[in-house]
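Colleague: dropping a prediction and its sequence here:
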There are 2 protein chains.
Amino acid sequence: MDKEVTIYDIAEKLNISATTVSRGLNNNPVINSKTREKIHAIAKDLGYRHNTIASNLRKQQSKTIGVLLHEVNSNFSTSVLAGIEKTASAAGYDLLIAHSAEDSTKEKANTKNLLNKRVDGLIVSLALNTQETDHFDFFFERKIPVVFFDRVITNSKCTKVVIDNFKCGYDATFHLLKKGYKKIAHITANLTRNVYYDRLEGYKQALKEKKISFNEDLVKICSLDKEATIEAVEELLKSKPDAFFITNDFAAAVCINLLHERGLNIPKDIAVFGFNNDVLCDLITPKLSTIEYPGMQMGEVAAKELIRQIKSNNIPKKTKTITIPSKLIIRESA
Amino acid sequence: MDKEVTIYDIAEKLNISATTVSRGLNNNPVINSKTREKIHAIAKDLGYRHNTIASNLRKQQSKTIGVLLHEVNSNFSTSVLAGIEKTASAAGYDLLIAHSAEDSTKEKANTKNLLNKRVDGLIVSLALNTQETDHFDFFFERKIPVVFFDRVITNSKCTKVVIDNFKCGYDATFHLLKKGYKKIAHITANLTRNVYYDRLEGYKQALKEKKISFNEDLVKICSLDKEATIEAVEELLKSKPDAFFITNDFAAAVCINLLHERGLNIPKDIAVFGFNNDVLCDLITPKLSTIEYPGMQMGEVAAKELIRQIKSNNIPKKTKTITIPSKLIIRESA
DNA sequence: CTGAAAGCGCTAACAT
DNA sequence: ATGTTAGCGCTTTCAG
């Protein structure tokens, strides 16, 4: 690497102090505007670039937000990411993004790395198999703000941005029941994650209100990818359900394909209800009824709250839950 | 913020020098293993965390790769991102991600920011409306490796990872012609971006070989989002095409929906051919024929090449183009 | 195997 | 309005 130009080089050239140069470059109003202009001119001339690392070391901050995602390769994750990016960059924060690939071990390593990188705050969605969450204690102890979204910690005191998963599970199931479907299969994922647990509880509650007893055989836990979903649907079909409530639109679309192959008509013979309101809902046949799950908004709200906590240096003492509105989107499949 | 523990605190506690502590923490083999263990123990005890910022300042590196995306909210972008992330994190690099939201001005600002942040290298896909590319000169001048992928600079000497867009455009068109379609409409985006330009050239070449004269009225440039696509399809239908070749699967799916609404049978009345091999291709009816566009692999290759250049400190003097294999995926729609 | 000294580039406190 | 001094926390000589 060629020698980098520093503020000292500029100072020397102008016969002034490095301090003045620093102030000039930062447009500190205390500096004579003539001097400031000269500084900027020489800086440009010499090809100076601000050394954010040195500045950050001195200022003891990074102006960077760590984002810990369980997976980046999904529509929902990216919507959230887009929301975070938009809000953070508007406030002058950079994003350091890590993803855990649904692996708790990697999540821990990433947490530590982001801590070392001195991120000013952290936005997290937990990996599927994360059980203990003590790797976040480092942040809590140091009073570095952490905001969880979607897949959140359930026991610890923390800030979380979620949708009302219980209500969504309830509403979807209730909608199916109201339409006359009685034997509703449910495909979902690891119940240690709040999102899936709460939806299942909502499902149960709706059944209860309609005096339908809960049948364990109608519930399948799987990873919601294509193969796992096909397996789950095939298994569930043995119990002859008249509807599927699946906590992921992609998986629901896979299910619809399989039902079509079996010659079933949707929604006449069997209904399918998804979750997320992914773009694909509108593009498949029949169009998928689902729950709107506003990822972009979730990202925006999470980032906004985190930045607020960073700036005010004020972390809520108690659990703070922000609930994003969600709603039923009824299309053709149910 | 509570006072952070530094290597000096550890040194004091053990009555050794900070140098030794530093070496111990970095597992420098020159240090007595007993001493090393003691250092690690105390470090843990005091809640020490490595200060990457200070370390980076001293070492004059950041172990960070800047990623400049034109948009994060798409399946393709995220596949690439996942590929980059996987490769980079395996090699110990962090990702600083910025997106330009298809805006050249934002792209420039991001470039500068990443430069200041001392990223060790840059991976870029250009915004739709970027014309001049002198904002990358800062990197070239400083011999900081830059790898472009997908939407690349066409004139300047640089490293690029692409698919053979010309061939893809040719193959898709040729396939349609071979199947007997003769009046092929083409919907694509801004032709200053190589990807769209090259595909159009491929389209023209295939027509030429089949002695079909190029008809400008059958080509529409648009942003490929839902509204723009609908408008483009409606406009093109006036020319009574018997096939659509659309350079984006999502837009192709929107087109199929619209054609269904018009009561047209696909592929009997009219064919639709997409681009990307998005997951939705398999889920819509009819299943979409398309071009496989391996985003994940593109990301992996781009990151691997960038890291190679960083480590070897060896930037190719001439343009280096890496072409990722792509292929036709024939399903039901064409 | 360990330590002393220096310095990465910047900015904040304290002068003037 | 500008300058002096010091130090953020680490690693890298160089010396023992």
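Modeller: It's in. Residues are numbered from 1 along each chain as shown, chains lettered A, B, ... in the order given.
Colleague: hmm, A:Phe148 is touching A:Lys160, no?
Modeller: Yes - if you go by C-beta atoms under 8 Å, A:Phe148 and A:Lys160 touch, sitting 4.6 Å apart. In this view, the C-beta of every residue, glycine as well, is placed from N, C-alpha and C.
Colleague: endpoints of stretch A:120-135, how far apart?
Modeller: 17 Å (C-alpha to C-alpha, to the nearest Å).
Colleague: is that stretch anywhere near chain B?
Modeller: No - against chain B, stretch A:120-135 shows no contacts by C-beta under 8 Å from any C-beta of the partner chain, the least distance being 10.3 Å.
Colleague: buried sites along that stretch?
Modeller: Neighbour-count burial for stretch A:120-135, counted by 16 or more other C-beta atoms under 10 Å in any protein chain shown, picks out A:Asp120, A:Gly121, A:Leu122, A:Ile123, A:Val124, A:Ser125, A:Leu126, A:Ala127, A:Leu128, A:Thr130, A:Thr133, A:His135.
Colleague: give me the distance between the fourth one and A:Gly83.
Modeller: What that stands for is A:Ile123. Noted for A:Ile123: a distance of 10 Å to A:Gly83, by C-beta to C-beta, to the nearest Å.
Colleague: mutual contacts of those two, please.
Modeller: Taking C-beta atoms under 8 Å, 6 or more residues apart in numbering or on different chains as the criterion, A:Ile123 and A:Gly83 both touch A:Ala302, A:Ala303.
Colleague: tell me if the host helix or strand of A:Thr19 is near chain B.
Modeller: For A:Thr19, the element it lies in under DSSP states H and E is helix A:18-25. No - Helix A:18-25 stays clear of chain B (C-beta under 8 Å from any C-beta), getting no nearer than 11.4 Å.
Colleague: what packs against that helix?
Modeller: helix A:7-14, helix A:33-46 (3 or more C-beta pairs under 8 Å, 6 or more residues apart in numbering or on different chains; DSSP states H and E).
Colleague: okay, the ones you listed in CSV with mean neighbour count next?
Modeller: Below are the helices and strands packed on helix A:18-25 laid out as CSV (neighbours: other C-beta atoms under 10 Å in any protein chain shown):
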stretch, mean neighbour count
helix A:7-14, 17
helix A:33-46, 15
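Colleague: nearest to DNA strand D, of those?
Modeller: helix A:33-46 (3.9 Å; C-beta to the nearest atom of the strand).
Colleague: sorry, back to before: and the helices and strands packed on helix A:18-25: which comes nearest chain B?
Modeller: helix A:33-46 (11.6 Å; C-beta to the nearest C-beta).
Colleague: check whether the closest one contacts chain B.
Modeller: No - judged by C-beta under 8 Å from any C-beta, helix A:33-46 makes no contact with chain B; its nearest approach is 11.6 Å.
Colleague: now do the same contact list for the most centrally placed residue in chain A.
Modeller: Centroid check for chain A by C-alpha atoms, centre = their mean gives A:Val80 as the closest residue, at 4.9 Å. Neighbour list for A:Val80: A:Leu69, A:Ser125, A:Phe149, A:Asp150, A:Gly295, A:Met296, A:Met298, A:Gly299, A:Ala302 [criterion: C-beta under 8 Å, 6+ apart].
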